[in-house]
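*Asks:* Model the following, please.
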Amino acid sequence: MIPESELILNADGTIYHLNLLPDHISDTILTVGDPARVTQVSRHFDSIEFEGTHREFVTHVGYYRGKRLTVLSTGMGTDNIDIVLNELDALVNIDFMSRTVRPVEERLSLRIIRLGTSGSLQADVPVGSLLATQHAVGLDSLMQFYPLVETGLETQVAKDLQQSLALPFAPYVVRGSDLLREQLAADLLVGNTVTCPGFYGPQGRRLRLDLRQPDYMQRLQDFRHQSSEGDFRLSNFEMETAGYYALGQLLGHEVLSLNAIVANRATGEFAKNAGDIVDTLIARTLALV
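*Replies:* Below you'll find the predicted structure:
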């Protein structure tokens, strides 16, 4: 049995942070960072059967063209993704009554699709474009606590990037769902996304504080790793995708991050119509999902 201090349930039987019961989610889940963006997705639904709110986690479950979908807000950062992925997995793969993990043959694999904003690192990934993440590179510490196994390419990219950025730790590199990318990203840009543990310094922004490495942004933009699989470069950055991909892989779920590019750090542009770009990403994804 999983102790009460580890699998925490509320008085009504819901999981601790998300405040959801197993019946409250579908097998396909669209996630957004901003709680206000949940309605930006669910307004397209033909009907809504459940709405829930707890802290920054807003959940709507409904039907779109006959398919049952969940849209859930996560808040920002991989610390929140640690909560969201573990609790979503618990909802489908742990029996709350017996507090035991379901047998392997009964476990479910969720389809989790992140719809989020992102900033481009490269001039040829313009503001207004939509990008699917192939590999995510985590500059956060989340995978210091989990047994993630990386491929040879991922390990080498992590090692080279650690050296290039003069980091005191190795980043983690993990690939998203090929299955979802083939289904949802056939006509999108495909890139490799850096997940940062903050919005300002970790993404090279200067307001009143200087950076430890003045050329940090240039190092990210110039990074290349050559292998038999091609030229690996960093296309964009945000604050969650690596956590999604790593936990998804460890827990056995299909996960894809789709990015609305609303800023270009190479050219200094920010979208004047960021909401419209996100709307385009949402409508396009719903049509394919």
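*Asks:* CA only for contacts and neighbour counts going forward, please
*Replies:* OK.
*Asks:* List the residues that contact A123.
*Replies:* By C-alpha atoms under 8 Å, 6 or more residues apart in numbering, A123 lies in contact with 264-267.
*Asks:* just those now: which is nearest S177?
*Replies:* The shortest approach to S177 among the contacts of A123 belongs to N264, at 25.7 Å (C-alpha to C-alpha).
*Asks:* For that closest one, give the beta-bridge partners.
*Replies:* S120, E269 (DSSP bridges).
*Asks:* what about it, how many residues close to it?
*Replies:* 22 (other C-alpha atoms under 10 Å).
*Asks:* so it makes contact with S120?
*Replies:* Yes: here N264 reaches S120: they are 4.6 Å apart, a contact under C-alpha atoms under 8 Å.
*Asks:* Let me see the backbone angles for the spatially most central residue of the chain.
*Replies:* With distances taken as C-alpha atoms, centre = their mean, the chain has T241 as the residue nearest its mean C-alpha position (3.3 Å). Dihedral pair for T241: phi -60, psi -40, per degrees, to the nearest 10.
*Asks:* same deal with the one 5 residues further on?
*Replies:* Backbone torsions of A246, given as degrees, to the nearest 10, read phi -70, psi -50.
*Asks:* So the nearest residue to it once chain neighbours are set aside, which state does it fall into?
*Replies:* Nearest residue to A246 in three dimensions, chain neighbours excluded: V174, at 6.1 Å (C-alpha to C-alpha, 6 or more residues apart in numbering). Three-state call for V174 (DSSP: H, G, I helix; E, B strand; the rest coil): strand.
*Asks:* ok, V174 touching A136?
*Replies:* Yes: judged on C-alpha under 8 Å, V174 makes contact with A136 at a distance of 5.5 Å.
*Asks:* who touches both of these two?
*Replies:* Counting by C-alpha under 8 Å, 6+ apart, the residues touching both V174 and A136 are 242, 245.
*Asks:* could you flag which of the contacts of A123 are buried?
*Replies:* 264-266 (16 or more other C-alpha atoms under 10 Å).
*Asks:* The host helix or strand of L69: what's the following helix or strand?
*Replies:* Counting by DSSP states H and E, the element that carries L69 is strand 67-73. Using DSSP H and E, the next helix or strand after strand 67-73 towards the C-terminus is helix 78-93.
*Asks:* separation between V125 and Q144?
*Replies:* 31 Å (C-alpha to C-alpha, to the nearest Å).
*Asks:* quick one, which of those two is more surrounded?
*Replies:* Shown here are V125 and Q144; by other C-alpha under 10 Å, V125 has more neighbours (21 against 12).
*Asks:* looking at it, that one is touching S235, isn't it?
*Replies:* Yes: the pair V125 / S235 is scored as a contact, 7.2 Å apart, by C-alpha under 8 Å.
*Asks:* who's in contact with the residue nearest to the centre of the chain?
*Replies:* 78, 114, 136, 193-195, 257.
*Asks:* circling back: just the angle between the strand holding L69 and helix 78-93, please?
*Replies:* When axes from the mean of the first three to the mean of the last three C-alpha atoms, to 10 degrees is applied, the directions of strand 67-73 and helix 78-93 differ by 150 degrees.
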